[in-house]
Structure formats: C-alpha cells, structure tokens
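> Just need the structure, nothing else, for what follows:
(2 chains)
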Amino acid sequence: SQQGEEDPQALSIQEGENATMNCSYKTSINNLQWYRQNSGRGLVHLILIRSNEREKHSGRLRVTLDTSKKSSSLLITASRAADTASYFCATDAGGGADGLTFGKGTHLIIQP
Amino acid sequence: NAGVTQTPKFQVLKTGQSMTLQCAQDMNHNSMYWYRQDPGMGLRLIYYSASEGTTDKGEVPNGYNVSRLNKREFSLRLESAAPSQTSVYFCASKGGPLNNEQFFGPGTRLTVL
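Predicted structure coming up:
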C-alpha cells in the first residue's frame, strides 16, 4: 500500500515562483525523504528529514515535517525550468535496511 | 564511479517467457533493492537484500525471485512473465545504517505481451 500521498498531483507555475508540494503518510516513521525523477530517468535523492526534526534546508529546498499530523511539505524557491520533474516523498519506517514506501508523486512543470 | 547500473534498458517479452534483470553497484553498499513503478504510481518494493547472502520480500513479491550474487550484484528474475508485470523496474542501493539515502539505477522498461 502507498504510505505517502502527495498533493497536488500536478502543479504548473511560472519560472521564478515558489513551488510547494505536500505529503501525508499513515504510520510512524524514522525519517522522510524527498526524491526527484526526471522523465524517463531514475530517482535522485534531494533531502532527508528525521522524525525528531521539524525543518530542514538545502539550497533552494526547504522541507518541513509535522509528525503529529503525519505530513511533510517540500518548498522549492525561485523555481527554474530545470526543476520540471516529478517529486516523490518516501517514508522510512525503521531506519534500517528495509525499503522505502513511496507516494504517487507530484508532477511539477515550470513554465519559462 | 558508475553508481548503480542496470541491464537491459528495455525488454519485450511474451507471456510465459522468463528473464533476469541485472543490477550492480560500485559504492560498496550493503543494502540493495528492487522496485517497480507503474504509470501514475510511486515505486513499490518487490524484494530487498540487507546484506550479502540475505534477501527479504517487500510489498509486491509475487511472480519474482531475487539473488544477491555478491555484495555488488542483485538480480531480479521473472520465471513466467505476465502482462501485469509490464512496468519500469528500478534497482537501488544504500550504504550503512547511518546513511539512509538510496541511490537508484536508470531503470529497465519491461513490456509483457
């Protein structure tokens, strides 16, 4: 079953604007990760936030985590055409060797 | 470093045929994973291997077998392919327990007719 559910499913914005994607999940987690997938390619890790963290930054990315609401958001500031991709949240329940549980993704289109 | 490599990139099978998808990583990672991605869906875990010599079922293991040949290689076998196995298959690897990031291969696009 899908653990994470991203919202919205699709998002189209103008270059330079900020993009916000949300993720909800169902069970307790050790950490939550965000991945990017360009069309026809594999996934690339963007950022990881642990269950005891509330906010994390990496370059133009800002991730928040609210474990009481079982939700996370990914903010991309000052978007660029190269940010066009699908973005997936993935939860790691145990933090060990078990696999990740992915959501269905948000398809982001940046209009030039 | 090539990272995670997968072969083949594309494959078309007829129902009932068998094939093995190959995956190798050169990052000395302990854990390796096989996922499938269907249209409009996220990835679903098929099997994983926490370390050389061990394998475990994931969310959707039916119709698949795996082999962790050595620390570098983790193969996925379809013994009797079915149209429901038409999908894109991704292999991934992860380092030690303190490093939770997974590194993904480019994927194998499989069509079963």
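
> so what's the residue nearest to the spatial centre of chain B up against?
For chain B, the residue whose C-alpha lies nearest the mean C-alpha position (C-alpha atoms, centre = their mean) is B:W34; its distance is 2.9 Å. Counting by C-beta atoms under 8 Å, 6 or more residues apart in numbering or on different chains, B:W34 touches B:21, B:23, B:45-48, B:58, B:64, B:66, B:74, B:76, B:89-91. For the C-beta atoms, the positions are set from N, CA and C on the backbone; glycine is no exception.

> Closest one to A:D83 out of the residues you listed, please.
For these, the minimum distance to A:D83 (C-beta to C-beta) is 21.4 Å, reached by B:F90.

> Next, the residues that contact the helix or strand containing A:H107 from outside, please.
With secondary structure defined by DSSP states H and E, A:H107 is part of strand A:106-111. Judged by C-beta under 8 Å, 6+ apart, the contacts made with strand A:106-111 from elsewhere in the structure are A:6-15, A:19, A:21, A:76, A:79-88.

> mind redoing it with 7 Å?
With contacts defined as C-beta atoms under 7 Å, 6 or more residues apart in numbering or on different chains, strand A:106-111 is touched by A:6, A:8-15, A:19, A:21, A:79-81, A:83-87.

> Give me every residue in chain A lying close to chain B.
Where chain A comes near chain B, counting by C-beta under 7 Å from any C-beta of the partner chain, the residues are A:2, A:31, A:33, A:41-43, A:45, A:48, A:88, A:92, A:95-100, A:102-105.

> Buried members of those residues into ChimeraX, please.
Those of the residues of chain A next to chain B that count as buried under 16 or more other C-beta atoms under 10 Å in any protein chain shown are selected in ChimeraX with:
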select /A:2,31,33,42,43,45,48,88,92,97,98,99,100,102,103,104,105
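
> if you skip the residues just before and after it, what's nearest to B:Q25?
Taking C-beta to C-beta, 6 or more residues apart in numbering or on different chains, and ignoring the residues beside it in sequence, B:Q25 has B:S93 as its nearest neighbour in space, at 4.2 Å.

> Can you pull out the low-pLDDT segments for chain B?
Applying pLDDT under 70 to the predicted model, the residue ranges of chain B that meet it are B:96-98.

> tell me, how many neighbours does residue 85 end up with?
I'll assume chain A. 21 (other C-beta atoms under 10 Å in any protein chain shown).

> The chain in question should be chain B.
Counted by other C-beta under 10 Å, the residues lying close to B:Q85 total 19.
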